[in-house]
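Colleague: Please find the sequence and the predicted model below.
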Amino acid sequence: MEQQRKIALITGSAKGLGKMTAMTLAEAGHDIVLNYVHSEAEAEALRLQLEKTGIRCIAIRADISKPEEVKRLVTEMNERIGMADIVVNNAGPFIRERRLFADYSEEDIMYLLNGNLSGVILLDHLLLGSMRKKGWGRIIHYGFGHASEARSWPHRAVYAAAKVGLVSFTKTLAVEEAQNGITVNMICPGDIRGDNKERKIEDVLHLTDDETPRGRPGSGEDVTRVIRFLCEDASDFITGNIINVSGGLDPIRTTISSKS
């Protein structure tokens, strides 16, 4: 039986993995809610592109690290298209510069915690009531490779703490909401960078990546094909899982130089 069209909200979806997720779920026949902070032009272009496929699509500007904007996002979405049946929490700030925890500013700390943990939890909380009434929902969080092991990750202390906390939340919410037809899982992408985030598998098969045991770089499709599977009706028995999509890469280095 064909799956009924759902509404999918993907945070941080104007570019990168979020964009690929939106395109993949639109291909599956779902209506799409795009979310962005600064990339208005890219979000608008994607909205027009997806609408041409016959699905409904809107774009809403909101910063997930700010509670008032998370609430506005949900209110505006409900007024314009309806409440999301699927939420993919793709947005999550990351500071690529390697920095000891002592060198972080208070602003950096709160930004990383709010964007990667508390903002995600709040968004899920605002959507749960509607999902419960429908008896169906799909919640997907983003983590990092081996997040469920809670190992030390020097220079990434705050980001790692937020995502490891999200692991526990993912597993707990999955148990609490299973009887309501709502699944909750976490996707942990490998180190997929740059244009590869918006590429298909066939586009990277001929490329070499010496860091990844698989031997090729990851693509956006590697990640989003798993998300599409998790959002299917028949995937209701898959919940509370932390799924690595990394080609076997372990991103964590647990030691630091004495000069750090």
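Modeller: Now that the structure is in, tell me what you want to look at. Computed from a prediction, not measured in an experiment: that's the story for all the values here.
Colleague: Only C-alpha atoms from now on, for both contacts and neighbour counts.
Modeller: Will do.
Colleague: Tell me which residue lies nearest the centroid of this protein.
Modeller: The residue lying closest to the centre of the chain (C-alpha atoms, centre = their mean) is Asn90, at 2.4 Å.
Colleague: Test my guess that Asp162 contacts Asn116.
Modeller: If you look again at residue 162, you'll see it is Ala, not Asp. Yes: in terms of C-alpha atoms under 8 Å, Ala162 counts as a neighbour of Asn116; the distance is 5.8 Å.
Colleague: In terms of neighbours, single out the busier of those two.
Modeller: Asn116 (31 against 19; other C-alpha atoms under 10 Å).
Colleague: Next, the contact list for that one, please.
Modeller: Shown in contact with Asn116 (C-alpha atoms under 8 Å, 6 or more residues apart in numbering): 65, 91-93, 159, 162-163, 166.
Colleague: just those now: which is nearest Gly137?
Modeller: Lowest distance from Gly137 to the contacts of Asn116 (C-alpha to C-alpha) belongs to Leu166, with 18.2 Å.
Colleague: Relative to the longest strand belonging to the chain, what are the paired strands and their orientations?
Modeller: Determined from DSSP state E, the single longest strand within the chain is strand 182-189. Strand 182-189 sits in its sheet next to strand 137-142 (parallel), strand 242-245 (parallel), going by DSSP bridges.
Colleague: State the distance from Gly218 to Gly119.
Modeller: 27 Å (C-alpha to C-alpha, to the nearest Å).
Colleague: ditto for Arg253
Modeller: Arg253 is 27 Å from Gly119, by C-alpha to C-alpha.
Colleague: These two: which is more packed in?
Modeller: For Arg253 versus Gly119, neighbours defined as other C-alpha under 10 Å are more numerous around Gly119 (26 against 11).
Colleague: To which secondary structure element is that one assigned?
Modeller: helix 119-134 (DSSP states H and E).
Colleague: Check which helices and strands that helix sits against.
Modeller: helix 67-80 (3 or more C-alpha pairs under 8 Å, 6 or more residues apart in numbering; DSSP states H and E).
Colleague: Sketch out the low-pLDDT regions of the stretch 1-150 of the chain for me.
Modeller: 1-3 (pLDDT under 70).
Colleague: And the strands in it, which stretches?
Modeller: 7-10, 31-36, 57-61, 86-89, 137-142 (DSSP state E, counting those that start in this stretch).
Colleague: Show residues contacting the biggest helix by length in the chain.
Modeller: The longest helix of the chain (DSSP state H) is helix 157-177. By C-alpha under 8 Å, 6+ apart, the residues outside helix 157-177 that reach it are 94, 100-101, 109, 112-113, 116-117, 141-144, 147-148, 150, 153, 182-186, 239-242.
Colleague: Restrict these to the buried ones and give me that as a PyMOL selection.
Modeller: Applied in PyMOL, the following selects the buried portion of those according to 16 or more other C-alpha atoms under 10 Å:
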select buried, resi 112+113+116+117+141+142+143+144+147+148+153+182+183+184+185+186+239+240+241+242
